[in-house]
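Enquirer: sharing a model prediction with you, sequence too.
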Amino acid sequence: MLALRNVYKSFADRGRAIPVLDDITLEIPDGELVCIVGPSGSGKSTLLRIMMGLTPPTSGSVLYQGEALRGVNLRAAMVFQSFALLPWLTVQANAELGLKARDVPEAEAHKRAAYYLDKVGLDGYEEAYPSELSGGMKQRAGIARALAVEPEVLFMDEPFAGLDALTSANLREEVLTLWSDRALPVNTVVMVTHIIEEAVLMADRVVVLTSHPGRVAADLPVPLPRPRNKRDEGFDQLVDSIFEKIV
Amino acid sequence: MAETRPTPRWLPLLTVAAFLIATGLMLGGPARVIHLARGVVHAEPSFRELPAAAAWSLMRMTASYALSLLVAWIAGYWAATNERAARVILPLLDVGQSVPVLGFFPAAIYVFVTLLGGGRVSLELAAIFLIFTSQTWNLAFGVYEGLTTIPAETRAAVDSLGVRGVLRLRTLLAPACVPTLLYNSILSWANGWYFLIACEIIAAGPVHYDLPGLGSMLSRAIASGDLKLAAGALATLIAIVLALELLVWQPLRTWSRRYRYDTQSVEESDALPRLPSLGIPALVRPLRAVARALWSRVPVAAVNRGLESAAARGLRLWGALRWPLGIAGAALALVALGATVRVLLPPWPADLARLPLALLLSFLRITAAYALALLWIVPVALWASDHARGARWLSLVAQVGASIPATGFFPVLVALFVNRFGGMEIISIALALTGMQWYLLFNLLAGVQRVPNDLRESLRSLGLSRSEIHRQLVIPACMPSLVTGSVVAWGGTWNALILSEYVVYRERVYEVTGVGALLNRATFGTGSRSMLFFSLAALVITVVAFNRLVWDRLYRFVQARYRLEG
């Protein structure tokens, strides 16, 4: 379980403290797929970085499995909107990066990275450089890189926002398949998005943030059965009710 | 880069002051003429010495480049990771870049000779130190730029994978600096050649000590009237510069393209006619394989743990030594201040009265060279603006021209003009001109090529004639590039004067009234340390003040007024 207790975050701007997150208390149990939605300026990306341990909160605490988080959570991994692959490394080397940092032996790292590249459908592209891939393939490589460290929690920061509609729909389905695949270690996913439909399609639970500063405006379960479809009964009502919470 | 950061206005002033006080410390003490242990009295230079001379020059360059790279990395990394440090380091680099370093060669010889005695080693160190000061600043800016332009998400991604320490350096920080560092390395080598040759010539002139190298060979050959050997040395120099371009920089440029982020579009330079690529990948590949094999054996996490505990120990040591070191530093600063005051107090050297006039005349010489350069460059650039292909070829020519050290032509100029056609005046202005013209041309052509074609066509469709288009569009659009080029060319040209205002040719000293001549005389003629200090201070203050008061303002004005959108 990941727990946030009274998390505040502010950034300094010309000597003044600008509040970004205001008193966030949140629990994310193991095995859940949670989406955080909110307008721009709601600090949802900052919240995700605090959960990952990339940024410390200004005050408040982050607990993972009951222990206070110190620095980056090595049992979690993250996927980014801009894919954030290193352009000077091959797809394979990008996927091995986290394993290198954990001193996994060369042969084992190679095997594991190849396995996850295969899982996301990049079999045969191991020696390609990121600049030679399409956007969708780059994000697949980003996902494989995160999965390769076999994290318990996967954080995703608007992972489909940089892709065209068709590609993002495909990739969304695949992420759901990976999440429900019990053979993979990752079973908790926290995803940030600004598209409410996307959240309702994917999440067990939707956390709604307000903007300037970000506060939790609502925390709603999504009771719709899986697999879901935009034409499912109750889909539109749920989307509308979330939309109202934001406005 | 320095302009975008809010730095206190007094900081550059303080930098210059601290710089001068440090110089004062070095130069404090009674006047003393430099007497070097005479080098081997050499026989007439001959073609057989040419390969060794080339090797010596290249070795001096490589040593100072390695040193520059090391210092640049530390300074750039420090500035990029520590905002408070950046506010001090960046203006420091800025001043370092704009100071005419050749002026410090006489001073550097003085200091090294005082410290180490008059042997070959002191001269070598003075030369390497000087080349270093011509190379390191822009390299440091390159590192700083490379590190600060890493996209935030890329940085976060690497951190989120738990990548730290050596692995982070190797996979993120070092590669991120490759493109800017390469670009600046090429610049630094061009600069370095210029100063290397200048140092060797100066050392072979008044000092009479031989720094074996292409520059000294060139000047000795001309002095002894051996034109064939001089031509050989000059050709060797040009051949080495071009070979480096073809065999090292060109392949590296191709290779470095991979180190750019996706978001950056393909550069226009790809459209340039390129020199043939004679890559040496076959040579490099086995080396790379070995490096990779070694790297994969490194237990990254263990090494990082070791480094972290070492860093913690270092921090504790620093905590214990901070006060003693601070007190020692303050004491040294006081001593330096005292030495500076002593230098500044009367009795003043006799030459001091000539300093204002000398400064003015040097200034006029540079202005003359600048005006002459513009006189042919502006029409050529305007012609190029109407001939796209011609413009591309010209910028290749300018690039090659700029990479050949103008100082190499200096002995030739001396031999041609020393007793004819206005003599030293012509030599000074001609050397200044050969140094600045290619760089100016290159910048102006870049500006010309950036004028958007649809703007030009819209003016043509309005019925404007060619000369009207030049006046209304091309010239205003080139102003930012012209000013950028001018700042560097104008600042760099002071160096040419230090070389060219004081010449020893066939055992006779020729000089004109100028700050460069005063500097050289203070070292090699009168041996007056205080005169050396006064001349250096006047030179540095003039250049930095002119940059701050004229070029900076002009640059901002031109940027605000003539910048093309998009």
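Expert: Structure's in. What do you need?
Enquirer: would you tell me which residues of chain A are close to chain B?
Expert: Proximity of chain A to chain B is confined to A:49, A:52, A:54, A:72, A:74, A:76-78, A:80-82, A:84-89, A:97-98, A:100-103, A:106, A:129-131, A:142, A:145, A:149, A:155 under the rule Cβ under 8 Å from any Cβ of the partner chain. The C-beta positions use only the backbone N, C-alpha and C, and glycine is treated the same way.
Enquirer: filter those down to the buried ones, ChimeraX style.
Expert: To isolate the buried members of the residues of chain A next to chain B in ChimeraX, using 16 or more other Cβ atoms under 10 Å in any protein chain shown:
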select /A:49,52,54,72,76,77,78,80,81,82,84,85,86,87,88,89,97,98,100,101,129,130,142,145,149,155
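Enquirer: residue A:154 is in what secondary structure piece?
Expert: Using DSSP states H and E, the element containing residue A:154 is strand A:153-157.
Enquirer: er, residue B:97 actually
Expert: helix B:83-98.
Enquirer: next one: that helix to chain centre, how far?
Expert: 16 Å (Cα atoms, centre = their mean, to the nearest Å).
Enquirer: name the residues of the lengthiest helix in chain A that come out as buried.
Expert: Using DSSP state H to define each element, chain A has its longest helix at helix A:165-180. Judged by neighbour count (16+ other Cβ under 10 Å), helix A:165-180 contains these buried residues: A:167, A:168, A:171, A:172, A:175, A:176, A:178, A:179.
Enquirer: now that helix and strand A:153-157, what's the angle there?
Expert: Between helix A:165-180 and strand A:153-157, the angle comes out at 170 degrees (axes from the mean of the first three to the mean of the last three Cα atoms, to 10 degrees).
Enquirer: could you give the average pLDDT over the strand holding residue A:154?
Expert: Per-residue pLDDT values across strand A:153-157 average out to 94.
Enquirer: how about residues contacting it?
Expert: A:2, A:28, A:45, A:48, A:51-52, A:64, A:73, A:75-81, A:146-147, A:175, A:179, A:186, A:188-192, B:160 (Cβ atoms under 8 Å, 6 or more residues apart in numbering or on different chains).
Enquirer: what comes into contact with whichever strand or helix holds residue A:111?
Expert: For residue A:111, the host element (DSSP H and E) is helix A:106-119. With Cβ under 8 Å, 6+ apart as the test, helix A:106-119 has contacts from A:91-92, A:95-96, A:99-100, A:104, A:123, A:125-126, A:141, A:144-145, A:147-148, A:150, A:178, A:184, B:296.
Enquirer: among the residues you listed, which ones are buried?
Expert: Buried subset of those (neighbour count, 16+ other Cβ under 10 Å): A:91-92, A:95-96, A:99-100, A:104, A:125-126, A:141, A:144-145, A:147-148, A:150, A:178, A:184.
Enquirer: counting only helices, which of these make the cut?
Expert: Judged by DSSP H, the buried ones among the contacts of helix A:106-119 include A:91, A:92, A:95, A:96, A:99, A:100, A:141, A:144, A:145, A:147, A:148, A:178 as members of helices.
Enquirer: I'd say the fifth one and residue A:148 touch.
Expert: Yes. Applying Cβ atoms under 8 Å as the test, residue A:99 and residue A:148 come out as touching, 6.0 Å apart.
Enquirer: need the pLDDT of residue B:24.
Expert: We have a pLDDT of 65 for residue B:24.
Enquirer: okay, the angle between the helix holding residue A:111 and helix A:91-101?
Expert: Between helix A:106-119 and helix A:91-101, the angle comes out at 130 degrees (the same axes, to 10 degrees).
Enquirer: name the residue of the stretch 451-566 of chain B that lies nearest to chain A.
Expert: When scored by Cβ to the nearest Cβ, the stretch 451-566 of chain B has residue B:556 as its residue closest to chain A, at 21.7 Å.
Enquirer: quick one: what helix or strand has the closest residue in space to residue B:85 that isn't next to it in sequence in it?
Expert: Distance criterion Cβ to Cβ, 6 or more residues apart in numbering or on different chains; nearest residue to residue B:85, sequence neighbours excluded, is residue B:78 at 5.0 Å. Residue B:78 is part of helix B:50-81 when elements are defined by DSSP H and E.
Enquirer: report the rounded mean pLDDT for that helix.
Expert: For helix B:50-81, mean pLDDT rounds to 89.
Enquirer: in it, what's buried?
Expert: Residues of helix B:50-81 classed as buried: B:50, B:53-54, B:56-58, B:60-61, B:63-65, B:67-69, B:71-73, B:75-80 (neighbour count, 16+ other Cβ under 10 Å).
Enquirer: cool, stretch A:147-164 as well?
Expert: Judged by neighbour count (16+ other Cβ under 10 Å), stretch A:147-164 contains these buried residues: A:147-160, A:162-163.
Enquirer: quote the end-to-end distance of it.
Expert: Using Cα to Cα, to the nearest Å, one end of stretch A:147-164 lies 23 Å from the other.
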